[in-house]
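J.: Need a 3D model of the following:
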Amino acid sequence: MTILRRFALTMTLALSVCATAQAQQSNVPIKTDFEVSADPALEAILPDSIRQAGFINIGTNPNTPPTVFYGEDNRSLEGREIDVMTAIAHRLGLKPRWNDAGGFDNIIPGLSTGRYDAALANLDVNSVRLQRVDFVGYFNNNRLGMVVRSDAGDELLTELGQLCGRTVGGGSGTQNVAVLEQQSERCVAEGKEKIDIPLFPDRPSGVQSVVSGRTPAFFGPYEGLKYQASASRGALVLGGEFEVPPSFVGIGLGKDSELTEPVRQALQSLIDDGTYRRILDRWEIGYGAVSEAKSNQEILDGR
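T.: Here you go, the predicted model:
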């Protein structure tokens, strides 16, 4: 079954349950097509507690392809985050234990309290989050998108300034909303109307609001919204494609974690042997590939 067909099934399920709060789940099964061998040299630099345990706890927030989502069996996790971090864990000689955090807002607290050793949920690396957690960057998220109903009749927008005076939804707590808020301030400073920004707990609920006509548009990661528009059976179109300054997505880890450097080196080894690029190409998002694995402040310095 093609990625698009599987996504169509996932989209149907997501839209049907979007109004229902997610429940936290532990040790969720996954599906990945990538087999990666362990590197004894990398295993040797793991913290003793992790190496002896033989596994790492990973938190995530399933929403839509291609980042992370429940597959057609509605119980197994798939997507970019699953493939990348599972490959890293296997390169480190560890078993990944994946956990559904039950919402994006639970991710950072889960890292801070030690519930998760690592977390992947399309997390943008920024200076505020770096005060609370470590990051290893693995994707350049320099494209953002916006979906609208196909009968909206709007032109394709390519400049953030074109959003002044519009109502555009976003995911609560995400960097995408920060982009909208900053643009809204610029709109007002230029004497234009602000952007009205209704917030949603996750991307599926925001997209469902657009489908139902309650919200004119939803703003977020380009790759995810592109998939959703393509799989909506004509209900949605991509109404905006915006090039923004480099904004890196990172693997979150506990602050000053002894896992940060092993995870960074494992990602670099996957970049070097081509596995990392094959994973991104499998999800048709190779445009966001990074050429070097960086951690913490050096991620922001590389912008």
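J.: Can you tell me how far the most far-flung residue of the chain relative to its centre is from C164?
T.: The outermost residue of the chain, judged against the average C-alpha position, is G191 (34.1 Å), by CA atoms, centre = their mean. Between G191 and C164 the computed distance is 10 Å (CB to CB, to the nearest Å). The C-beta positions use only the backbone N, C-alpha and C, and glycine is treated the same way.
J.: mind saving the C-alpha coords of the helix or strand in which A266 is found as PDB?
T.: A266 is part of helix 260-272 when elements are defined by DSSP states H and E. Extracted in PDB, the C-alpha atoms of helix 260-272 (Å, rounded to 0.1, in the frame of the first residue of the first chain):
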ATOM      1  CA  THR A 260      23.400  13.900  24.100                       C
ATOM      2  CA  GLU A 261      26.800  13.300  22.700                       C
ATOM      3  CA  PRO A 262      26.200   9.500  22.000                       C
ATOM      4  CA  VAL A 263      23.000  10.400  20.200                       C
ATOM      5  CA  ARG A 264      24.800  13.200  18.200                       C
ATOM      6  CA  GLN A 265      27.500  10.800  17.100                       C
ATOM      7  CA  ALA A 266      25.100   8.000  16.200                       C
ATOM      8  CA  LEU A 267      23.100  10.500  14.000                       C
ATOM      9  CA  GLN A 268      26.400  11.500  12.300                       C
ATOM     10  CA  SER A 269      27.200   7.900  11.600                       C
ATOM     11  CA  LEU A 270      23.700   7.500   9.900                       C
ATOM     12  CA  ILE A 271      24.400  10.700   7.900                       C
ATOM     13  CA  ASP A 272      27.800   9.300   6.800                       C
END
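J.: Can you dump the C-alpha atoms of the helix or strand that it is followed by in PDB for me?
T.: Using DSSP H and E, the next helix or strand after helix 260-272 towards the C-terminus is helix 275-282. What follows is helix 275-282, C-alpha atoms only, in PDB (Å, rounded to 0.1, in the frame of the first residue of the first chain):
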ATOM      1  CA  THR A 275      20.800   5.700   6.100                       C
ATOM      2  CA  TYR A 276      19.600   9.100   7.300                       C
ATOM      3  CA  ARG A 277      19.100  10.400   3.800                       C
ATOM      4  CA  ARG A 278      17.200   7.200   2.800                       C
ATOM      5  CA  ILE A 279      14.800   7.700   5.700                       C
ATOM      6  CA  LEU A 280      14.000  11.300   4.600                       C
ATOM      7  CA  ASP A 281      13.600  10.200   1.000                       C
ATOM      8  CA  ARG A 282      11.300   7.400   2.000                       C
END
